[in-house]
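Engineer: when you get a sec, could you give me coordinates for this:
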Amino acid sequence: MEERFRVHETDEFIDAASVFEVLKGNLAAYKIRRFLPPDLCAQIVKNFWESSERVARFGRGEDGVEGYFIGASHIEKTTREYLEEVRASEKAVKSLYAGTINPASAFRETLASGSEENINIRAAKFNELSAGDSKAVYWNNLGEFLLDPHDDFAQLKTPQQTYTLVSVTIAEWAGIDAQFDQHRPVCSDLSS
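Structural biologist: The predicted structure is shown next:
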C-alpha cells in the first residue's frame, strides 16, 4: 500500500509511463521540473501581458479573488455557456503560445506517443463543442501563495452548476501553471 504514495519526478522530459501509473492509481503523483525552458516561459508571459484579449476578474464577496485571465472558465456557467466561451476564446488562447509551444498540446502528444496502445488524447467534447485546451490566469496576490487557499464549494453550488462538468482542462488536470508576474516570469513545474 505504501508504494501507492510514491512521487516520481523528472527534469525537462515527460515520462509517459509514470503519467499512466498515476491514472491507474499505482503512483500518487508525478512531477516534471523545467518542462518548458525559461525563454519559452518568458515568451508565454510576454504574450499574456501584451494580449488585448486578457480579461479582468474582479473579486466579489468576502473572499473575492481578483486577477486576469485568457480562456474560458466553467464557474457559474452551464455546460453550453462554458463550451461556447471556449469557442469564443480559442484564438486568444492560441495567441498565448505564439513564438513558443502549447505545453498542454505537447503533454497530450507525448502521452499518446508514449502509450503502448493506439490512443487519442484530446479535450473533452459535448455534442459539437470541445472543452478548453488551456487557460492562463494571473492572480493579484501579494501574499505567501500565488492564490490564497479558498472555498470553491460555494461557487460550484450555484444553480448554474447543476451539471457534471464535462472536463477539467488538460492544463488544470496536468498541473501546468504559468506564473504571469510581469517582473519575474516563471513557469511552474508540471505535476499530475
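Engineer: buried ones in the lengthiest helix in the chain?
Structural biologist: Secondary structure assigned by DSSP state H gives helix 79-96 as the longest helix of the chain. Across helix 79-96, burial judged by 16 or more other C-beta atoms under 10 Å covers T79, Y82, L83, E85, V86, S89, A92, V93, L96. To be clear about C-beta, it is placed using only N, CA and C from the backbone, and glycine gets the same treatment.
Engineer: wait, isn't the first one in contact with F126?
Structural biologist: Translated: T79. Yes. The pair T79 and F126 qualifies as a contact (C-beta atoms under 8 Å) at a distance of 5.9 Å.
Engineer: helices of the protein, start to end?
Structural biologist: Using DSSP H, helices in the chain cover 16-24, 38-50, 79-96, 103-113, 153-156, 170-174.
Engineer: helices or strands up against the longest one?
Structural biologist: Applying 3 or more C-beta pairs under 8 Å, 6 or more residues apart in numbering; DSSP states H and E, one finds that helix 79-96 contacts helix 38-50, strand 67-70, strand 125-126, strand 129-130.
Engineer: again, only this time at 7 Å
Structural biologist: For helix 79-96, the packing partners by 3 or more C-beta pairs under 7 Å, 6 or more residues apart in numbering; DSSP states H and E come out as helix 38-50, strand 67-70, strand 129-130.
Engineer: which residues sit against it?
Structural biologist: 44, 47-48, 51, 53, 70-72, 74, 77, 126, 129-134, 136, 163, 166 (C-beta atoms under 7 Å, 6 or more residues apart in numbering).
Engineer: of those residues, buried ones?
Structural biologist: Members of the contacts of helix 79-96 classed as buried by 16+ other C-beta under 10 Å are 44, 47-48, 51, 70-72, 74, 77, 129-134, 136, 166.
Engineer: tilt between the longest helix of the chain and helix 103-113?
Structural biologist: 100 degrees (axes from the mean of the first three to the mean of the last three C-alpha atoms, to 10 degrees).
Engineer: mean confidence score for helix 79-96?
Structural biologist: Mean per-residue pLDDT for helix 79-96: 92.
Engineer: same check, this time on stretch 42-60
Structural biologist: pLDDT averaged over stretch 42-60 gives 89.
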